[in-house]
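Colleague: What follows is a predicted protein model with its sequence.
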Amino acid sequence: MQATFRGRKHHPTQNVLAAIDFDLKFTYVLAGWEGSAHDATILADALEREDGLRVAQGNELNWLYKSIHKLIKNRTNTCLYLF
């Protein structure tokens, strides 16, 4: 296994980005990034893919989508956690 998939304790690690709707159903899953990848890098990849993560326009989360896109566009080293 490649070194990038090994964590600091030498166990295999992998990042998974998942999105759910208000009914708790998965709407998007992106798996396969190495555990050492930065969260913003994975999010940027999900947003830039042709079949990637999409946020519906006009809903209450639209401001968040625009903020995330601005951070990614400027390549700001900021980590966002959404709960």
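Modeller: Ah, there it is. Residues are numbered from 1 along each chain as shown.
Colleague: What mean pLDDT does stretch 26-39 get?
Modeller: Mean pLDDT, computed over stretch 26-39, is 87.
Colleague: how far does it sit from the chain's center?
Modeller: 6 Å (C-alpha atoms, centre = their mean, to the nearest Å).
Colleague: Check what contacts that stretch and list those residues.
Modeller: Stretch 26-39 is contacted from outside by 2, 4-7, 12-21, 41-42, 45-46, 49, 52-54, 79-81, using C-beta atoms under 8 Å, 6 or more residues apart in numbering. Where you see a C-beta, it was placed from the backbone N, CA and C, and this is true even at glycine.
Colleague: Now do the buried residues in it.
Modeller: Across stretch 26-39, burial judged by 16 or more other C-beta atoms under 10 Å covers 30, 33-34, 37.
Colleague: Sitting in helices, which of these do you find?
Modeller: In helices, judged by DSSP state H, none of those are found.
Colleague: Is it possible to get those residues out as JSON lines so that each row also shows distance to residue 67?
Modeller: Putting the buried residues of stretch 26-39 into JSON lines (distance: C-beta to C-beta, whole Å) gives the following:
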{"residue": "30", "distance to residue 67": "20"}
{"residue": "33", "distance to residue 67": "22"}
{"residue": "34", "distance to residue 67": "26"}
{"residue": "37", "distance to residue 67": "21"}
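Colleague: Go through those residues and say which is closest to residue 66.
Modeller: Comparing those against residue 66 with C-beta to C-beta places residue 30 closest, at 20.6 Å.
Colleague: any idea how far the closest one lies from residue 10?
Modeller: Using C-beta to C-beta, to the nearest Å, residue 30 is found at 25 Å from residue 10.
Colleague: could you flag which of the contacts of stretch 26-39 are buried?
Modeller: 13, 15, 17, 42, 45-46, 53.
Colleague: Can you list which of those residues are found in strands?
Modeller: Under the assignment DSSP state E, the buried ones among the contacts of stretch 26-39 contribute 15, 17 to strands.
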